[in-house]
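S.K.: Okay, sequence plus prediction incoming.
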Amino acid sequence: MNTLAGMLLPQSVLSSNWFAVLAAVVGFNTLVYVGLSLSKLVPLPKPVPPSRLRSLLTQAGLDSEGDNPMDLVPEQPSDDGSPYERLRGSVAKNDIPQAFSIAGGFVLLMAVTTLLALEPTVASFLLQLLLGLAMLLLGQLLGRGRYEARTLMRLWVLVCWLLVCLAVFDAATLGNQTPLTYSLIVVVGYAPVTLAWRPALLGAGAMWLTMLFASLYVVGDEDWRIIIATSLGLMVGLILLHLRLTALDRISDEQARSEAIASTDVVTGTLTRNGLQSLMPALGSLASRASQDVCVVVVEVDRLGDAVHDYGHGYARRLLRAVGDAIVGNMRTGDLVSHWGGGHFVIAGMGAGPDPEMLADRIEATVNGSGVTMGKWPMTVSVGRVAGDPSVTTFEALVSEADGQVRGGSGISSG
């Protein structure tokens, strides 16, 4: 045996402490790659494409389109607090599977370290080894599948509590409190990954009771230090959770503000040009399913340049705001209203659309009766309207045709 060992390296090198550490690192790296390789061999079902799902529902005699297609048309952006939940769920779906893989590697490293330093029982070593590999596999499965964020959060807390229980089991089988130090890493690090208060608090209570039981049951003289360290570790973890949730809340507010600025015109409160264009594919798809035309209405404020020259930019902004409010108030629910630029507004909807002359009269009556034009010349608008089959024409072509009616004089104007 010694002769074989000396063929590559001297026996003194093989029995040194630094070589034992190197061997532990190599063994840990091998276990990690074995776990990742096994996880990639697991067959996963492919997601069903939406088109295939709709065809299956149709074959089964189920209506997958809904009763009223207009109910599915996107409405104006609203601030209902959902951006924070969406961001938190997205971060959880991205971070928790990675945390499972990292924690699985940590368990494998703990198993190798315990094997070299503390000489655990075979059952304890195999339990750590299997749990580490299972966490690596679970991380891969969760990362490649589609699961609810709440499910991932609860599963993460449960597995972290099992890690604490594993450390307690090792301490009990070895008869000393050294393995309990590993659980303090879990106690501090689990809460910020959870991203939810309720499961984090439930996990904190379960871990604290488990560590309290371990400090009283496992033989050692560090009982109070273990309890105090566990309590402080849980407090630090919950503080980190609070800081992370606060940061996500601020990021979601900034994202919502940026999205609102990008899709909502700050002068009129209607959609911007880009905002309307981003919604047109969905509107065209709904119109095709309902066998209806897409209607585009162009409204132009007459002599807006003269209004700026005579009364200033402040009056022009107030006038555009009043016109935008008047258009929104006189259009159907579900119609998409946008400020196209300058004095132009573009409205998109399904069906034939409103009568241009009646719409122009309503807008002028609403704006001139609001007091915005008091003491100034009355405001008039020109309206052009076209409708077309979304499977034949395009949104840009309809806008161009309706704008041509306004600019060419064939649109409706009471001015």
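M.R.: Structure received.

S.K.: so what are the domain limits for this protein?
M.R.: The record's domain split for the chain, according to automatic domain parsing, is 2-42+78-258, 273-413.

S.K.: Lowest average confidence across those domains, which one?
M.R.: Among these, domain 2-42+78-258 carries the lowest mean pLDDT, a mean of 79.

S.K.: so after the helix or strand harbouring Trp224, what's the next helix or strand?
M.R.: Using DSSP states H and E, the element containing Trp224 is helix 223-263. Proceeding N to C from helix 223-263, the next assigned helix or strand is helix 273-289, under DSSP H and E.

S.K.: Same question for that following helix: list its buried residues.
M.R.: Arg273, Gly275, Leu276, Gln277, Leu279, Met280, Leu283, Gly284, Leu286, Ala287 (16 or more other Cβ atoms under 10 Å). Just so you know, the C-beta spots here come from the backbone N, C-alpha and C atoms, and that holds for glycine as well.

S.K.: What of stretch 203-210?
M.R.: Buried, per 16+ other Cβ under 10 Å, within stretch 203-210: Gly203, Ala204, Ala206, Met207, Trp208, Thr210.

S.K.: contacting residues around it?
M.R.: Residues outside stretch 203-210 that contact it (Cβ atoms under 8 Å, 6 or more residues apart in numbering) are 157-158, 160-161, 164-165, 168, 183, 186-187, 190-191, 194, 230-231, 234, 237-238.

S.K.: what's the answer for stretch 300-319, then?
M.R.: With contacts defined as Cβ under 8 Å, 6+ apart, stretch 300-319 is touched by 267, 320, 323, 342-345, 367, 372-373, 376-377, 379-383, 406, 411, 413, 415.

S.K.: can you give me the helices for the stretch 51-200 of the chain?
M.R.: Remark: helices assigned in the stretch 51-200 of the chain by DSSP state H, counting those that start in this stretch are 82-117, 122-144, 149-174, 180-194, 197-217.

S.K.: hang on, I meant the stretch 301-415 of the chain
M.R.: Taking DSSP H, counting those that start in this stretch as the criterion, the stretch 301-415 of the chain carries its helices at 304-311, 313-330, 356-368, 395-408.

S.K.: want to try CSV for these, with distance to Ser252 as columns?
M.R.: Formatted as CSV, the helices of the stretch 301-415 of the chain follow (distance: least, Cβ to Cβ, whole Å):
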stretch, distance to Ser252
helix 304-311, 37
helix 313-330, 27
helix 356-368, 36
helix 395-408, 31
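
S.K.: Select, out of those helices, the one closest to Ser16.
M.R.: helix 395-408 (74.6 Å; Cβ to Cβ).

S.K.: which of the residues in that closest one are buried?
M.R.: Neighbour-count burial for helix 395-408 flags Phe395, Leu398, Val399, Glu401, Ala402, Asp403, Gln405, Val406 (criterion: 16+ other Cβ under 10 Å).

S.K.: JSON lines for these, including distance to Glu357?
M.R.: Output for the buried residues of helix 395-408, formatted as JSON lines (distance: Cβ to Cβ, whole Å):
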{"residue": "Phe395", "distance to Glu357": "24"}
{"residue": "Leu398", "distance to Glu357": "20"}
{"residue": "Val399", "distance to Glu357": "20"}
{"residue": "Glu401", "distance to Glu357": "18"}
{"residue": "Ala402", "distance to Glu357": "15"}
{"residue": "Asp403", "distance to Glu357": "18"}
{"residue": "Gln405", "distance to Glu357": "13"}
{"residue": "Val406", "distance to Glu357": "13"}
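
S.K.: about what we covered before: just the buried ones from the contacts of stretch 300-319?
M.R.: Neighbour-count burial (16+ other Cβ under 10 Å) applied to these gives 320, 323, 343-345, 367, 372-373, 379-383, 406, 411, 413.

S.K.: Name the nearest of those residues relative to Ser101.
M.R.: The closest of the buried ones among the contacts of stretch 300-319 to Ser101 turns out to be Phe345 (Cβ to Cβ; 52.4 Å).

S.K.: partner residues bridging the spatially closest residue to the closest one that is not a sequence neighbour?
M.R.: In space, and not counting its chain neighbours, Phe345 is closest to Val299: 4.3 Å by Cβ to Cβ, 6 or more residues apart in numbering. Counting by DSSP bridges, Val299 is bridged to Phe345, Val383.

S.K.: Contacts only, for Gly329.
M.R.: Thr366.

S.K.: Distance of it relative to Thr264?
M.R.: Per Cβ to Cβ, to the nearest Å, Gly329 is found 17 Å from Thr264.

S.K.: repeat for Ala149
M.R.: Relative to Thr264, Ala149 is positioned 28 Å away (Cβ to Cβ).

S.K.: Distance check, the most centrally placed residue in the chain against Tyr84.
M.R.: Taking Cα atoms, centre = their mean, the centroid of the chain lies closest to Ser90, which sits 3.4 Å from it. Applying Cβ to Cβ, the value for Ser90 to Tyr84 is 11 Å.

S.K.: Any buried residues in stretch 95-102, and which?
M.R.: The neighbour-count check on stretch 95-102 (16+ other Cβ under 10 Å) flags Asp95, Ile96, Pro97, Ala99, Phe100, Ser101 as buried.

S.K.: May I see the residues you listed organised as a markdown table, with distance to Pro199 added?
M.R.: Formatted as a markdown table, these follow (distance: Cβ to Cβ, whole Å):
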| residue | distance to Pro199 |
| --- | --- |
| Asp95 | 14 |
| Ile96 | 11 |
| Pro97 | 16 |
| Ala99 | 14 |
| Phe100 | 15 |
| Ser101 | 20 |
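
S.K.: Nearest to Ser391 among the residues you listed?
M.R.: The nearest member of the buried residues of stretch 95-102 to Ser391, counting by Cβ to Cβ, is Pro97 at 41.6 Å.
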